[in-house]
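Q: Need the 3D shape of this:
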Amino acid sequence: MLRTSSLLLVSLLPSFSNAYTWQWTSTPQQCQNVSLSIQGNDGKPPYSLLLIPSGPSPLPNNIEARTLQTIPFQGSDTTLSFKLNYPANSAFVAVVSDSNGSNGFGSGGTTLPITVGDSSDSSCFNSKQTVQGPWVFSINPTGGLTQCQPTRLWWEQSNVQGSVNFVGVIPGGNSFQIPQGPLSTNQDTGTGFNWTVDVRGGTNMLIIAGDNRGLGAGGSAPFTVNYPTDNSNSCIQNDSPSSTAGSAAGGSPTSSSASSPTSSGGSSSSGGSNTGAIVGGVVGGVGGAIALTAIALFFIRRRSRGTSTKERPVDLLQENEDSGADDHLPQYYQPEPFLVPDPTVAATSDAGSIYHGEDGTRQPGMGSRRPSSFGTTTDGGFLRPGTPGASSIGGTSRKSPNPPVMRPVNIIQHDDAGPSGQDGGEAPETIELPPAYTNIRTAASPEEPAGNNTTSA
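A: Down below sits the predicted model:
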């Protein structure tokens with residue numbers, strides 16, 4: 001079923017095959033003879049060959065030495081040999097026609113642009129002067145050609161010899177006669193006629209003008225047909241000119257290569273290069289560049305990740321972060337065992353002479369004190385609860401340890417002189433002095449009477 005549908009679709013497509021074919025029989029080279037031959041008997045002799053310069057000029061200062069040439073075959077000959085008057089590394093498009101009336105132009109097909117090979121002979125062209133055609137044509141509107149939209153082709157009639165004719169050339173596709181409508185003349189656009197562009201949008205083509213002196217007398221110009229804004233395609237038929245799929249006419253000479261068309265004979269010619277190959281090359285190059293960039297970024301990130309210092313928490317208590325770890329805990333984490341003091345030691349005590357006088361009364365000028373909850377040693381010093389005593393330090397027997405030793409603690413109370421008196425006049429200057437520490441007495445010795453070691457209420 002699929003095969004039947006495909007065959008039906010092919011049968012409905014317009015046939016772009018030529019009535020005859022032709023091939024290059026030698027390689028086109030600068031100022032050298034080049035030849036071609038026609039195969040098939042469907043053409044009507046005499047035949048003719050049209051050469052259209054394509055691509056930029058390779059000469060210094062962009063000198064354009066190429067001209068459009070119409071070269072006729074002799075009589076009913078099917079072979080042709082001629083000197084190619086184009087410089088090396090330039091390009092051209094070739095169109096073969098027969099004598100079958102208005103349908104004869106381009107009946108043999110149109111080539112893609114062909115590059116001229118090099119040679120030691122450069123006598124066939126003038127590399128110092130740009131060639132000029134007898135006259136040129138213009139279009140209106142000047143924005144180019146648009147599918148199914150009317151365009152005016154016009155020229156200065158005073159420069160023309162005889163009647164004018166225009167042809168359209170699509171490199172690698174169809175070439176055709178442009179139908180000439182009624183001529184009109186006005187002040188702005190000279191003499192010309194209107195043509196509805198019946199060429200599909202997106203097609204690259206050349207328009208070539210001629211008169212009684214032959215095609216190319218009015219020069220050529222390249223165009224890319226624009227798509228209409230209203231999507232109009234009423235003028236497009238199955239046999240409308242377009243680029244054709246498959247091999248272009250004339251084959252490919254061994255030294256030829258595709259090239260984009262440009263100006264010739266004072267006018268430009270259009271591009272007919274292999275668009276698919278160009279787009280594929282551009283896409284492949286961009287993809288390769290992206291892949292190389294991604295690989296480079298991957299290795300750069302990998303290297304920077306390997307050399308960078310990993311993040312780690314900061315210990316504000318550790319003085320030397322880079323010092324190696326050992327098996328001992330730091331000093332501020334050193335555990336201190338809690339030992340219950342001897343129950344015979346008094347739970348509270350007073351400093352005696354610090355809080356009371358010798359007779360047990362409160363010293364005048366001394367600030368009020370809260371009773372101390374510290375214990376006392378046998379020599380009158382103060383002990384902090386839970387502090388190991390001196391007797392717990394020297395013991396070596398684990399079965400009967402000595403009583404814990406209480407560490408003496410001295411408590412010092414700082415007192416000031418109290419509020420100062422004020423005069424009735426100017427406020428006196430106040431000078432603050434630190435405590436003199438003159439009221440501090442040492443703890444009572446063991447020989448003092450027991451009344452001096454009483455606990456304050």
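
Q: so how far is Pro58 from Ser122?
A: In this view, Ser122 and Pro58 are 12 Å apart by Cβ to Cβ, to the nearest Å. Yep, even glycine has a C-beta here, placed from its N, CA and C like the rest.

Q: hey, what's in contact with both of those two?
A: Counting by Cβ atoms under 8 Å, 6 or more residues apart in numbering, the contacts common to Ser122 and Pro58 are Pro87.

Q: between the two, who's got more neighbours?
A: Shown here are Ser122 and Pro58; by other Cβ atoms under 10 Å, Pro58 has more neighbours (18 against 14).

Q: For that one, what is the enclosing helix or strand?
A: If you go by DSSP states H and E, Pro58 is not part of any helix or strand.

Q: Let me know the pLDDT of it.
A: Note on Pro58: pLDDT of 93.

Q: List the contacts of it.
A: Pro87, Ala88, Asn89, Ser90.

Q: Residue ranges of each domain in this structure, please.
A: 18-275, 338-390 (automatic domain parsing).

Q: Dump the ones you listed into a markdown table; add distance to Ser304 as well.
A: Shown next, in a markdown table, are the domains of the chain (distance: least, Cβ to Cβ, whole Å):
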| stretch | distance to Ser304 |
| --- | --- |
| domain 18-275 | 43 |
| domain 338-390 | 53 |
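
Q: any low-confidence regions in the stretch 201-350 of the chain?
A: Applying pLDDT under 70 to the stretch 201-350 of the chain flags the ranges 243-248, 250-279, 305-350.

Q: Roughly how far does Thr293 sit from Ala91?
A: Distance, Thr293 to Ala91, using Cβ to Cβ: 35 Å.

Q: Please say which of those two ends up with more neighbours.
A: Using other Cβ under 10 Å as the criterion, Thr293 and Ala91 rank with Ala91 on top: 28 against 10.

Q: Which strand residues bridge the more buried one?
A: Taking DSSP bridges as the rule, Ala91 bridges to Ser54, Thr115.

Q: Name the residues of stretch 213-223 that come out as buried.
A: Leu215, Gly216, Ala217, Gly218, Gly219, Ser220, Ala221, Pro222, Phe223 (16 or more other Cβ atoms under 10 Å).

Q: Of these, which pair is most distant in space?
A: Largest separation among the buried residues of stretch 213-223 by Cβ to Cβ: Ala217 and Phe223, giving 19.3 Å.

Q: Let me have the buried residues of stretch 213-223 in JSON lines, adding distance to Asn233 as columns.
A: Formatted as JSON lines, the buried residues of stretch 213-223 follow (distance: Cβ to Cβ, whole Å):
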{"residue": "Leu215", "distance to Asn233": "30"}
{"residue": "Gly216", "distance to Asn233": "32"}
{"residue": "Ala217", "distance to Asn233": "34"}
{"residue": "Gly218", "distance to Asn233": "30"}
{"residue": "Gly219", "distance to Asn233": "30"}
{"residue": "Ser220", "distance to Asn233": "27"}
{"residue": "Ala221", "distance to Asn233": "24"}
{"residue": "Pro222", "distance to Asn233": "23"}
{"residue": "Phe223", "distance to Asn233": "18"}
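
Q: for the nearest residue to Ile207 once chain neighbours are set aside, helix, strand, or coil?
A: Residue nearest to Ile207 in three dimensions, not counting chain neighbours: Ala221, with 5.5 Å by Cβ to Cβ, 6 or more residues apart in numbering. Following DSSP: H, G, I helix; E, B strand; the rest coil, we place Ala221 in the strand state.

Q: How about Leu36?
A: Three-state assignment for Leu36 (three-state DSSP): strand.

Q: Now do the same for it: its pLDDT.
A: Leu36 carries a pLDDT value of 94.

Q: any idea how far Glu432 is from it?
A: Distance of Leu36 to Glu432, given as Cβ to Cβ: 121 Å.

Q: More neighbours: which of these two?
A: A direct count of neighbours by other Cβ under 10 Å for Leu36 and Glu432 places Leu36 higher, at 24 against 5.

Q: residues contacting that one?
A: The neighbours of Leu36, taking Cβ under 8 Å, 6+ apart as the test, are Trp22, Gln23, Trp24, Thr25, Leu49, Thr79, Leu80, Val96, Gly250.

Q: What of Gly192?
A: Under the criterion of Cβ under 8 Å, 6+ apart, the neighbours of Gly192 are Phe137, Asn140, Arg152, Leu153, Trp154, Trp155, Leu183, Ser184, Thr185.

Q: switch to 7 Å and redo it
A: By Cβ atoms under 7 Å, 6 or more residues apart in numbering, the contact set of Gly192 is Arg152, Leu153, Trp154, Trp155, Leu183, Ser184.

Q: quick one on the thing from earlier: please convert the buried members of the contacts of Leu36 into ChimeraX selection syntax.
A: Applied in ChimeraX, the following selects the buried portion of these according to 16+ other Cβ under 10 Å:
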select :22,24,49,80,96,250
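
Q: Let me know the closest of the contacts of Leu36 to Val164.
A: Leu49 (21.4 Å).

Q: Would you confirm that the closest one belongs to a helix?
A: No. If the criterion is three-state DSSP, then Leu49 is strand and not within a helix.

Q: ok, it to Asn238 distance?
A: 29 Å.

Q: so for stretch 170-184, what's the average pLDDT?
A: Across stretch 170-184, pLDDT averages out at 92.

Q: Just the closest of the contacts of Gly192 to Ile411, please.
A: Using Cβ to Cβ, the shortest approach to Ile411 within those belongs to Arg152, at 117.7 Å.

Q: Help me confirm that that closest one comes into contact with Pro141.
A: No. Assessed by Cβ atoms under 7 Å, Arg152 is found out of contact with Pro141, at 8.2 Å.

Q: Between the two, point out the one with more neighbours.
A: Arg152 (17 against 11).
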